[in-house]
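Participant: Structural data only, the sequence is not supplied:
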Ligand SMILES: [Fe+2]
């Protein structure tokens, strides 16, 4: 692959992960307010703080590749529009459904950062590869935390709905 194509591919991956992070910020903020299980809410809040950092890091890497602020704004608007749909749909959801959504989302991020890291390494962009590794570690920790809460959350929902064993 010609190096300009590699660069283009790298920017696409970066644009996608940046958009994911913007979506994650809205989802986690809304989720933290909506879920009834206190441990899940706290996991959402903690990961929201990390996600702010992920948004900043990926934006900085995009800027390092000469992405203009207007292009970034477009992505932000698209992400926002996509998110408002998800949030509107999520409004009547149970704590369990929000946990499933967050669990799926973290795994989508994990896959994206693993692939971004490969593309960044192939493109010789060590700063992006390093950022991807650093973020990946926190996404994996967040996914693992959610993993440990799923059974508890299912029981929370049953109790919340007044379903007896
Ligand atoms: Fe995440």
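Facilitator: Cool, the structure landed. This one's a predicted model, so the numbers in the text were calculated from it and none came from an experiment.
Participant: Helix or strand with the lowest mean pLDDT in this structure?
Facilitator: Least confident helix or strand, the chain: helix 69-90 with a mean of 53, by mean pLDDT, DSSP states H and E.
Participant: Next secondary structure element downstream of that helix?
Facilitator: Remark: after helix 69-90, the chain's next helix or strand is helix 95-122, criterion DSSP states H and E.
Participant: what's the helix or strand for residue 5?
Facilitator: In the assignment (DSSP H and E), residue 5 maps to helix 3-34.
Participant: same question for that helix, mean pLDDT?
Facilitator: Across helix 3-34, the average pLDDT comes to 94.
Participant: Which elements pack onto that helix?
Facilitator: If you count contacts as 3 or more C-beta pairs under 8 Å, 6 or more residues apart in numbering; DSSP states H and E, helix 3-34 packs onto helix 38-64, helix 69-90, helix 95-122, helix 126-147. In short, each C-beta sits where N, CA and C put it, glycine included.
Participant: near the ion, which residues of this structure?
Facilitator: 109, 139 (C-beta under 5 Å from the ion).
Participant: can we see that at 8 Å?
Facilitator: Taking C-beta under 8 Å from the ion as the contact definition, the chain meets the ion at 20-21, 24, 28, 47, 50-51, 54, 105-106, 109, 135, 138-139, 142-143.
Participant: What count of nearby residues applies to residue 52?
Facilitator: Neighbours of residue 52 under the rule other C-beta atoms under 10 Å: 14.
Participant: Check the offset of stretch 110-127 from the chain's centre.
Facilitator: Offset of stretch 110-127 from its chain centre (C-alpha atoms, centre = their mean, to the nearest Å): 17 Å.
Participant: which of the residues in that stretch are buried?
Facilitator: By neighbour count on 16 or more other C-beta atoms under 10 Å, the buried set for stretch 110-127 is 110, 112-113, 116-117, 119-120, 123, 125.
Participant: cool, stretch 11-30 as well?
Facilitator: Neighbour counts over stretch 11-30 (16+ other C-beta under 10 Å) mark 11, 13-15, 17-28, 30 as buried.
Participant: In contact with residue 100, which residues?
Facilitator: By C-beta atoms under 8 Å, 6 or more residues apart in numbering, the residues touching residue 100 are residue 150.
Participant: roughly how far apart are it and the ion?
Facilitator: Distance, residue 100 to the ion, using C-beta to the ion, to the nearest Å: 15 Å.
Participant: before we move on, what about residue 65?
Facilitator: Distance from residue 65 to the ion, counting by C-beta to the ion: 22 Å.
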